[in-house]
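> Any chance you can model this:
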Amino acid sequence: MSDVGGVLIHQRRRVVEIVDVFARYGFTQLASAFGAAIGDSPTPFLLRLTGLHLADPELVALTTGERLRSALAELGTTWVKLGQMLSLRADIVGTEVAEALRGLQSSVPADAPGLAARTVEIELGHPLDQVFARFDPEPLASGSVAQVHAATLHDQTEVVVKVLHHDADRKVSGDLELMGALARSVESLDVGMARYNPVAVVAEFAGLMSAAIDFTHELHHLQQIGQSLAAEVDVVVPTAYPDLSTTKVLTMSRIRGGTVDTREHLLATGWTVERFVQRTSDLFLAMIFRDGMFHADPHPGNFLLPDAGHLAILDFGDVGYLTQRRRLDFQALLLAISERDADDFTRALLTVTRASVEIDEDAVQSAVEAWMQRWLRAGVSEQDLGPALEHLLDLFRENHLTFPSDLLMPLRVLMRLQGLGLELGSTVPLDDMLRPYLTQMMAD
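From the prediction side, this is the model:
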């Protein structure tokens, strides 16, 4: 029996659940991969594991994306997070599936009363009342891997305490092991799927999820980016409390302020839309190009405005890194886009995707020229960049190119910054935000 088969047998109960869900939603090829992985013929294996739970005709009538979204939602936290990652990878799953996966929600019910408090006590090694003057048993919010509680220190400092959901680390580790087994099986059995490196994709995802359930990573992000932005006197980053933080508990200062979910709420804080968009863009571009470590999720919920002169950035669980080499790669791609230079963009693209010798470079360049003609003719400030980027990822997929995730992340940040501005009714063009950096790149 292969090592893959050993994993599947060891987690037989969970395998039964996964196979049943995939089979009911019509993904028999994925379900069969489990059987093939242990050297068994797929059909008898499926019948033994799931009885007669074959594809549900009503579910199979849905689109592929809808079926995959529902199946992943039914399988729980780890699979939902995988779907959310794949929703950003139209170069792997295609635009239709990526669009459907964006509907996955990561919020989950809070743990049973008392479990979070017990986790905090075990992790910090003291009774709750010795650590906090007050700890609110009702969470402020509950996400896929953790819930957040308001608390007060004995010196009356307000803090928030992020607590890993009960048993989340064990469940995530088990599912990651199974995903790795499935990816190895699919890659060895399906030449078409192997082209998209499922083993590498799952390995990358496993790294992200392992970091998500170990709060020492977020603590490090919070400290590092807070230090990088310390000279920005108008920027507020939560203060971390390392002595009150562990792998399962993260304590940080609580920041209060106005929200930016609507134009009206933003204006009520004393900020103008143009100043907010310009300032957030300056900060995120500086993190990308100057620091190489950047907050990767600039959506409205991750900003607060304490007053008319200060901007707070929240949630440092999703962070990107660019090495010096990668920053040069990213600059080459952006310069080629800004100059509408299909030759340079194609060369940079083939370099960063490590294209094989079988790639038709002329076909790729023709596709790039068509993409630029369609999406860049009026300049990047004249439209929503989302569809342009999705079309570009489709171009990658059609030409069997897998774009590196570390370069895709800053592209997504630029897209979200521009989208945030459009939602708020900003008149600040993205071209103007990028111009100082592009000018410096050309000078360098």
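
> pretty sure residue 201 is touching residue 92, no?
Yes: applying CB atoms under 8 Å as the test, residue 201 and residue 92 come out as touching, 6.7 Å apart. (Each C-beta comes from the backbone N, C-alpha and C, glycine too.)

> Distance from the chain centre to the lengthiest helix in the chain, please.
The longest helix of the chain (DSSP state H) is helix 168-189. Offset of helix 168-189 from its chain centre (CA atoms, centre = their mean, to the nearest Å): 19 Å.

> And for stretch 218-226?
18 Å.

> Can you give me every residue that contacts residue 426?
273, 274, 277 (CB atoms under 8 Å, 6 or more residues apart in numbering).

> got CSV for the residues you listed, with secondary structure too?
Converted to CSV, the contacts of residue 426 look like this (DSSP: H, G, I helix; E, B strand; the rest coil):
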residue, secondary structure
273, helix
274, helix
277, helix
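
> Generate a PyMOL selection restricted to the buried subset of those residues.
PyMOL command restricting the contacts of residue 426 to the buried ones, with burial defined by 16 or more other CB atoms under 10 Å:
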select buried, resi 273+277
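
> Can you show me the helices along the stretch 51-200 of the chain?
57-60, 64-75, 77-86, 90-93, 95-101, 115-124, 128-131, 168-189, 191-194, 198-212 (DSSP state H, counting those that start in this stretch).

> same thing with the stretch 201-350 of the chain?
So, for the stretch 201-350 of the chain - with DSSP H, counting those that start in this stretch - the helices run 215-228, 263-268, 273-286, 324-338, 342-352.

> care to break this protein down by domain?
Domain assignment for the chain by the TED database gives 4-107+169-212, 109-164+214-254, 256-443.

> ok so, going back, Throw the helices of the stretch 51-200 of the chain into CSV and include mean neighbour count, thanks.
Putting these into CSV (neighbours: other CB atoms under 10 Å) gives the following:
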stretch, mean neighbour count
helix 57-60, 11
helix 64-75, 20
helix 77-86, 21
helix 90-93, 23
helix 95-101, 19
helix 115-124, 18
helix 128-131, 14
helix 168-189, 19
helix 191-194, 11
helix 198-212, 18
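
> Quickly, which of those bottoms out on average pLDDT?
Of all the helices of the stretch 51-200 of the chain, the minimum mean pLDDT falls on helix 191-194 (a mean of 68).

> For burial, what's the neighbour tally of residue 150?
16 (other CB atoms under 10 Å).

> sorry, that was for residue 429
Other residues close to residue 429 by other CB under 10 Å number 15.

> Tell me the spatial nearest neighbour of the residue sitting nearest the centre point of the chain, not counting adjacent residues.
With distances taken as CA atoms, centre = their mean, the residue of the chain nearest its centroid is residue 85 (5.2 Å). Counting by CB to CB, 6 or more residues apart in numbering, residue 205 is the residue found nearest to residue 85 once chain neighbours are left out, at 5.5 Å.

> and if you look at residue 162?
Leaving aside its sequence neighbours, residue 162 sits nearest to residue 250 (CB to CB, 6+ apart; 4.2 Å).

> In a markdown table, list the helices of the stretch 201-350 of the chain along with mean pLDDT and distance to residue 312.
Formatted as a markdown table, the helices of the stretch 201-350 of the chain follow (pLDDT from 0 to 100; distance: least, CB to CB, whole Å):
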| stretch | mean pLDDT | distance to residue 312 |
| --- | --- | --- |
| helix 215-228 | 96 | 11 |
| helix 263-268 | 96 | 13 |
| helix 273-286 | 93 | 11 |
| helix 324-338 | 89 | 27 |
| helix 342-352 | 93 | 34 |
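
> Nearest approach to residue 182 belongs to which of those?
Nearest to residue 182, of all those, is helix 215-228, at 25.4 Å by CB to CB.

> roughly how far out does that closest one sit from the chain middle?
Centroid displacement of helix 215-228 relative to its chain, using CA atoms, centre = their mean, is 17 Å.

> With just CA atoms, put that helix into PDB.
Below are the C-alpha coordinates for helix 215-228, written out as PDB (Å, rounded to 0.1, in the frame of the first residue of the first chain):
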ATOM      1  CA  PHE A 215      -1.000  32.900  15.800                       C
ATOM      2  CA  THR A 216       2.800  33.400  16.300                       C
ATOM      3  CA  HIS A 217       2.900  34.200  12.600                       C
ATOM      4  CA  GLU A 218       0.200  37.000  12.900                       C
ATOM      5  CA  LEU A 219       2.000  38.300  15.900                       C
ATOM      6  CA  HIS A 220       5.200  38.600  13.900                       C
ATOM      7  CA  HIS A 221       3.400  40.300  11.000                       C
ATOM      8  CA  LEU A 222       1.800  42.800  13.400                       C
ATOM      9  CA  GLN A 223       5.200  43.600  15.000                       C
ATOM     10  CA  GLN A 224       7.100  43.800  11.700                       C
ATOM     11  CA  ILE A 225       4.600  45.900   9.800                       C
ATOM     12  CA  GLY A 226       4.000  48.100  12.800                       C
ATOM     13  CA  GLN A 227       7.700  48.800  13.000                       C
ATOM     14  CA  SER A 228       7.900  49.500   9.200                       C
END
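
> Go ahead and name everything in contact with that helix.
So helix 215-228 is in contact with 146, 162, 164, 211, 237-240, 242, 245-250, 252, 287, 291, 293-295, 316-317, 319, going by CB under 8 Å, 6+ apart.

> now the angle from it to helix 115-124?
Orientation of helix 215-228 against helix 115-124 (axes from the mean of the first three to the mean of the last three CA atoms, to 10 degrees) gives an angle of 80 degrees.

> is it fair to say residue 440 lies in a strand?
No: counting by three-state DSSP, residue 440 is not part of a strand but helix.

> check contacts around it.
Taking CB under 8 Å, 6+ apart as the definition, residue 440 has no contacts.

> With residue 289 as the reference, measure out to it.
Per CB to CB, to the nearest Å, residue 440 is found 8 Å from residue 289.

> now swap in residue 374 and tell me
Using CB to CB, residue 374 is found at 27 Å from residue 289.
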